[in-house]
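Peer 1: Dropping the sequence and predicted coords here.
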Amino acid sequence: MRKIAEIRADLDAAQKGLASVDLKDQAAVDAAEANVKSLMKELELAELNERAAKQVATKAFETPEQKELKRFSLAKFISEAASVRGLTGFEAEMSQEAEKEMRACGKQLTGVGIPSILLGVRTFDNNNVTTATEGKEFQAITEWSYVDALRDAMLGAMLGVIYIPGMQGNARIVKGGGMTASWLDEEAQASKQKENFSAIDMTPHGLQILGGYTYDLLKQSALSVERILWDELIRAHAQALDAAIFTGSGSSGQPTGVLNTEGIGSVAGGTNGAAITYANLVKLETAVGNANGLFGRLAYVTNSKVAGAAKSTPQVAGFPRYIMEDGRANGFDVHVTNAIPSNLTKGNASGVCSAVIFGNWEEVLVPQWGGLDIIVDPFTPKDKRVVEVTAIAYHDVCVRRPGCFAAIKDVLTA
């Protein structure tokens, strides 16, 4: 099987080739699309095999300490945190570790904690998954970790955003300057030029995740119930992170997302907004290209309203090809999430405009400090037999090179 880097290079070339095909030559268009789809399937299979190989290697070198960490139960953790006697046994030990970790990050636990070391280990591995009635039914959920599951649930991570757990203290990313190269005659010396540098500080922002579990559910011991508890937490966590990545305001405790990052490219539809056009999507690519940003994991991101309009709007009037087909536009993938706003204003188009973002999503970093700070409240919703759980995670969003992105903020869809 070919290497992933080789397949990606061929896929990038094929996507660029598709974008340059004469749309009137249907046979050439079909052949180019078939080549792109074939390479995408090959890449997916290669990445799947790589993940499987890593899992096998991880299991083979698993330490006694890693096996010990699998004893942790979220159901027991929440139930005991809600009781008068508090945490006991292994869950109490892990909360103490979380407290130490938070102190190292300059934070204090508000409630009880789950340390980051627990978020990266497999959880549901206590049964014999090779034998029916002894755990085979849960085989699909035995190789699992919070960190991996969170990445899988995040659209941002699927786009190529780099998620960085285990941060300690603030971190600074240097911008500007860069490396320069020049050709020289023999014994000639390269001239020096003044470089301008700036920096982005990555600092922890508190993200609050609020939900609840019933007492009846917490009493269950089935592996699938344990997974349900984690999944509820992960889903809310992922949705909040995606919202911050795309549209974080940079105020009221939020990180600054791509759409509000100073220095990204801009394409205007019209004085009072305008419908989506193929030409404007190409202008987004051009804006990124003019900033030398056309590399890495390039893709469009928009909401379902724009996607629906793009699927039903011809690229050229009277020609039977639409702006968005088979999840792609202008040769690039289009990802859809309603984290992209549809209530923006342009001119007299008040609260009805949508956004489209294009860029290299590997230029976005999402660090996390520590594990999860858990506050358990068994009193407020007690009449409904519900334990209210608040989880606090600390993240930031860092756009390393704003020029690698461009956005339209005035798309009209009605």
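Peer 2: Nice, I can see it.

Peer 1: out of everything not next to it in sequence, what's closest to residue 330?
Peer 2: residue 281 (4.9 Å; CB to CB, 6 or more residues apart in numbering). C-beta here means a position set from N, CA and C on the backbone, and glycine is covered the same way.

Peer 1: What helix or strand is residue 283 located in?
Peer 2: Take DSSP states H and E as the rule and residue 283 turns out to sit in helix 278-290.

Peer 1: starting at the chain centroid, how far to whatever helix or strand comes next after that helix?
Peer 2: Once the chain leaves helix 278-290, the next helix or strand it forms, by DSSP H and E, is strand 298-302. Distance, stretch centre to chain centre, for strand 298-302: 13 Å (CA atoms, centre = their mean, to the nearest Å).

Peer 1: Strand 298-302 to helix 278-290, inter-axis angle?
Peer 2: Angle between the axes of strand 298-302 and helix 278-290 is 130 degrees (criterion: axes from the mean of the first three to the mean of the last three CA atoms, to 10 degrees).

Peer 1: Let me know the angle separating whichever helix or strand comes after strand 298-302 from helix 278-290.
Peer 2: Downstream of strand 298-302, the next assigned helix or strand under DSSP H and E is helix 304-312. If you take the same axes, to 10 degrees, helix 304-312 sits at 110 degrees to helix 278-290.

Peer 1: follow-up on the earlier one: which residues touch the residue nearest to residue 330?
Peer 2: Applying CB atoms under 8 Å, 6 or more residues apart in numbering, we find residue 281 in contact with 300, 323, 329-330, 356, 358.

Peer 1: can you check residue 384 too?
Peer 2: Here residue 384 is in contact with residue 214 (CB under 8 Å, 6+ apart).

Peer 1: what's the answer for the one 10 residues further on, then?
Peer 2: Residue 394 sits next to 105, 107, 204-207, 368-370 when contact means CB under 8 Å, 6+ apart.

Peer 1: Residue 163 should be in a strand, yeah?
Peer 2: Yes. Residue 163: assigned to a strand according to DSSP: H, G, I helix; E, B strand; the rest coil.

Peer 1: Around the residue nearest to it when sequence neighbours are not counted, how many other residues sit close by?
Peer 2: Nearest residue to residue 163, sequence neighbours excluded (CB to CB, 6+ apart): residue 366, at 5.0 Å. Close neighbours of residue 366, defined as other CB atoms under 10 Å, add up to 23.

Peer 1: tell me the secondary structure for residue 366?
Peer 2: Quick answer, by three-state DSSP: residue 366 is strand.

Peer 1: Likewise for the one 5 residues further on?
Peer 2: When classified by three-state DSSP, residue 371 comes out as strand.

Peer 1: For the residue nearest to residue 163, give me its contacts.
Peer 2: Contacts of residue 366 by CB under 8 Å, 6+ apart are 156, 161-164, 241, 244-245, 395-398.

Peer 1: same thing but at 7 Å, please
Peer 2: Shown in contact with residue 366 (CB atoms under 7 Å, 6 or more residues apart in numbering): 156, 161-164, 241, 245, 395, 397.

Peer 1: Can you tell me which of these is closest to residue 75?
Peer 2: residue 241 (24.5 Å; CB to CB).

Peer 1: Make sure the closest one is indeed in a helix.
Peer 2: Yes. Assessed by three-state DSSP, residue 241 belongs to a helix.

Peer 1: Contact partners for it?
Peer 2: Contacts of residue 241 by CB under 7 Å, 6+ apart are 154, 156, 366, 395.
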